[in-house]
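[1] sequence-free structure coming up:
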């Protein structure tokens, strides 16, 4: 047998093995990075839905503008809870913060149906 892969004792050179392993691990890392950077179409537009923009408003909560057909909705997204907050009167462009004319965030939350104010908590364990 010739070549530099096999030593005279019949074993594979440690340097060739380490180099091949490093090459494979580097290829996996590059493909994982590309997979995150290049959308494959599923998340960009699925079934007529498209996320226009979004912003984090808490540790696990987000406000997202979702486009359904020609209509855009402001949606609150939290673990186990998705709720439509407002139908935008005019479509907005993606990549900028949605401006809701005449509505502050507090006013917008008051318009959410089924959202009742919780009574004041007491420290009484009863």
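    That came through, no problem. Small disclaimer: the values here were computed from a predicted structure and weren't measured. Residues are numbered from 1 along each chain as shown.
[2] contacts, neighbours, all on C-alpha from now
    Noted.
[3] longest helix of the chain?
    Longest helix of the chain, by residue count under DSSP state H: helix 14-37.
[4] Show me what counts as buried in that one.
    Judged by neighbour count using 16 or more other Cα atoms under 10 Å, helix 14-37 contains no buried positions.
[5] Next secondary structure after that helix?
    strand 49-56 (DSSP states H and E).
[6] buried set for that next one?
    By 16+ other Cα under 10 Å, the buried positions in strand 49-56 come out as 50, 51, 52, 53, 54.
[7] and what of stretch 57-72?
    Neighbour counts over stretch 57-72 (16+ other Cα under 10 Å) mark 62, 63, 64, 65, 66, 67, 72 as buried.
[8] Turn these into CSV, columns for pLDDT.
    Formatted as CSV, these follow (pLDDT from 0 to 100):
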residue, pLDDT
62, 90
63, 91
64, 90
65, 90
66, 89
67, 88
72, 90
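[9] I'd like these as a markdown table, with distance to residue 24 and secondary structure appended.
    Compiled in a markdown table, the buried residues of stretch 57-72 are given as follows (distance: Cα to Cα, whole Å; DSSP: H, G, I helix; E, B strand; the rest coil):
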| residue | distance to residue 24 | secondary structure |
| --- | --- | --- |
| 62 | 38 | strand |
| 63 | 40 | strand |
| 64 | 38 | strand |
| 65 | 40 | strand |
| 66 | 39 | strand |
| 67 | 41 | strand |
| 72 | 44 | strand |
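[10] Out of the helices and strands in the chain, which is least certain?
    Sorting the helices and strands of the chain by mean pLDDT, DSSP states H and E puts helix 105-110 at the bottom, at a mean of 73.
[11] For that one, buried residues please.
    The neighbour-count check on helix 105-110 (16+ other Cα under 10 Å) flags nothing as buried.
[12] And it, what does it pack against?
    With contacts taken as 3 or more Cα pairs under 8 Å, 6 or more residues apart in numbering; DSSP states H and E, helix 105-110 sits against strand 81-87.
[13] For the strand it packs on, which strands pair with it and how are they oriented?
    Looking at strand 81-87 with DSSP bridges, its partner strands are strand 71-78 (antiparallel).
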